[in-house]
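Engineer: I would like to see how this sequence folds:
(one chain, ligands or ions: 1)
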Amino acid sequence: MIKTVFCLPRSVRVKLNTRCQFKCKFCHQEGSMSAKDINKEEFIEALRVLRKDLMFYRIHFTGGEPTLYNEFESLLKKTKKLGFSNALTTNGQLDANNLIKLKKAGLDSINFSLHALDPYAFLNIQNVSLGMKDGVNWAKNCIEKTIENVLSANKILDTKINCVVGYNTVGPREVLGFCIKNNIKLRFLNDLTAGETALNNIKEILYKENAEIVGHEITFISSSHRLDYKINNYNFGVKCIRQFFLKTLCDNCNFKKGGRCLEGFYGIRLEDNPLRVRLCLNRSGKPFVQTLSSFLKSPQLKEIKKETSDVIKYLRRDSLIEEQRKII
Ligand code: SF4
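Structural biologist: Next comes the predicted model:
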């Protein structure tokens with residue numbers, strides 16, 4: 001029997017900036033390609049206000065590449081001081097010396113995006129136009145740098161590799177082999193733009209590697225869930241999307257009706273200057289993206305709060321969750 005656990009959303013995702021050294025074809029940039037760098041003070045104020053209603057305890061920094069945000073270190077110090085746990089998703093191109101600085105500033109965990117170990121496979125997922133020789137050299141250097149940083153980070157931080165599976169299984173299987181060999185945590189994610197192909201490719205990897213399912217984590221009030229697998233003594237996860245929608249956001253949505261909704265309601269994202277709350281990856285304009293003051297009065301927040309309170313009653317009644325006890 002597999003172990004199933006339930007949890008409330010833990011994190012708020014914040015997109016610090018849109019800049020990045022890479023141009024991965026499947027990158028959705030958290031829903032917006034044009035957002036400005038966030039304003040640090042406004043963001044901190046928003047955290048204070050939102051924490052009361054949403055009860056999250058972790059900030060997940062995304063981008064773009066978050067380490068290119070000018071004030072990242074000082075931001076980590078501030079969120080740490082407020083009592084948050086800090087998580088980062090990075091492309092791994094940061095200077096190795098910065099890992100220690102970021103840890104000292106308050107970084108708790110780090111996810112490296114690594115989708116291929118072969119330079120040609122890496123180039124294949126990049127929207128760049130370099131000459132073949134230059135491109136291969138560039139790709140090789142990028143991969144080496146990420147690997148070097150993964151191995152260093154794994155000694156000092158909670159470290160994980162995020163590997164997006166899209167139209168092929170070769171790169172992800174190589175990444176899996178690397179993670180097993182070096183005992184690095186791994187999470188596969190399906191390329192949302194590759195639909196069924198990506199899901200079938202994940203299934204193929206699991207089948208070919210004789211992976212055995214051992215656990216399932218379902219996040220309430222979110223489309224996110226994770227399946228946990230084991231190959232011999234090595235455990236890894238597959239992050240999946242389930243059908244979850246907010247009534248006040250998604251009822252009557254044409255994207256949903258037309259099968260074009262990429263992830264349903266995943267959670268709260270913060271972005272841009274002035275700061276905006278993003279509730280949908282696909283769409284822009286209100287209520288999908290709104291100012292903080294508008295969100296605080298919105299039917300969407302009301303619905304999320306009501307769902308949260310119902311879930312908490314349910315969890316308390318059935319004593320289902322250990323981790324969530326921290327915040328209940
Ligand atoms: S596209 Fe956005 S608003 Fe429409 S169903 Fe999906 S998450 Fe909801």
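Engineer: for stretch 152-168, the distance to its chain's centre please.
Structural biologist: 12 Å (CA atoms, centre = their mean, to the nearest Å).
Engineer: list the buried residues in it.
Structural biologist: Using 16 or more other CB atoms under 10 Å as the test for burial, stretch 152-168 gives Ala153, Asn154, Leu157, Thr159, Lys160, Ile161, Asn162, Cys163, Val164, Val165, Gly166, Asn168. Where C-beta positions appear, they are placed from N, C-alpha and C, glycine not excepted.
Engineer: cool, stretch 206-213 as well?
Structural biologist: Leu206, Glu209, Ala211.
Engineer: which one of the residues you listed is nearest Gln290?
Structural biologist: Leu206 (39.1 Å; CB to CB).
Engineer: A helix includes that closest one, no?
Structural biologist: Yes - per DSSP: H, G, I helix; E, B strand; the rest coil, Leu206 lies within a helix segment.
Engineer: who's the nearest residue to it once chain neighbours are set aside bridged to?
Structural biologist: By the measure of CB to CB, 6 or more residues apart in numbering, the closest residue to Leu206 outside its immediate chain neighbours is Tyr229, 6.3 Å from it. Beta bridges link Tyr229 to Ile213, Phe236 when assigned by DSSP bridges.
Engineer: burial measure for Tyr229, as a count.
Structural biologist: By other CB atoms under 10 Å, 21 other residues sit near Tyr229.
Engineer: just give the closest residue to whichever residue of the stretch 1-150 of the chain sits closest to the ligand, not the sequence neighbours.
Structural biologist: Taking CB to the nearest ligand atom as the measure, the stretch 1-150 of the chain has Gly31 as its residue closest to the ligand, at 9.3 Å. Closest residue to Gly31 apart from its sequence neighbours, by CB to CB, 6+ apart: Leu281 at 4.4 Å.
Engineer: I'd guess the one you found is in a strand, am I close?
Structural biologist: No - inclusion of Leu281 in a strand is not indicated when three-state DSSP is applied; the result is coil.
Engineer: so the residue of the stretch 1-150 of the chain closest to the ligand touches Arg278, yeah?
Structural biologist: Yes - here Gly31 reaches Arg278: they are 5.2 Å apart, a contact under CB atoms under 8 Å.
Engineer: tell me, what's touching the two both at once?
Structural biologist: Arg269, Glu271, Val289 (CB atoms under 8 Å, 6 or more residues apart in numbering).
Engineer: export those residues to a markdown table and append columns for pLDDT.
Structural biologist: Output for the shared contacts of Gly31 and Arg278, formatted as a markdown table (pLDDT from 0 to 100):
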| residue | pLDDT |
| --- | --- |
| Arg269 | 97 |
| Glu271 | 98 |
| Val289 | 97 |
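Engineer: which one of those sits in the busiest neighbourhood?
Structural biologist: With neighbours taken as other CB under 10 Å, the top of these is Glu271, carrying 28 neighbours.
Engineer: so what's that residue bridging to?
Structural biologist: Each beta-bridge partner of Glu271 is listed here: Arg276, as defined by DSSP bridges.
Engineer: which residues does it contact?
Structural biologist: Shown in contact with Glu271 (CB under 8 Å, 6+ apart): Val14, Lys15, Glu30, Gly31, Ser32, Ala35, Ile38, Arg278, Val289.
Engineer: cool, and Glu217?
Structural biologist: Listed by CB under 8 Å, 6+ apart, the contact partners of Glu217 are Thr4, Val5, Phe6, Cys7, His225, Arg226, Asp228.
Engineer: a strand runs through the second one, doesn't it?
Structural biologist: Yes - assigned with three-state DSSP, Val5 falls within a strand.
Engineer: and the longest helix for the chain?
Structural biologist: The helix of greatest length in the chain, counted in residues with DSSP state H as the criterion, is given as helix 132-156.
Engineer: if we ignore the residues flanking it in sequence, what's nearest the spatially most central residue of the chain?
Structural biologist: Nearest residue to the geometric centre of the chain (CA atoms, centre = their mean): Thr89, 6.8 Å. Once its chain neighbours are removed from consideration, Thr89 has its nearest residue in Asn111; the separation is 4.4 Å (CB to CB, 6+ apart).
Engineer: what about that neighbour, how many residues nearby?
Structural biologist: Counted with other CB under 10 Å, the burial measure for Asn111 works out to 20 neighbours.
Engineer: ditto for Asn182
Structural biologist: 12.
Engineer: how about it, phi and psi?
Structural biologist: Backbone torsions for Asn182, taken as degrees, to the nearest 10, come to phi -100, psi 10.
Engineer: hmm, back to that, ok, of the buried residues of stretch 152-168, which one's closest to Ser298?
Structural biologist: Proximity to Ser298 was ranked across the buried residues of stretch 152-168 by CB to CB; first place goes to Asn162, at 30.6 Å.
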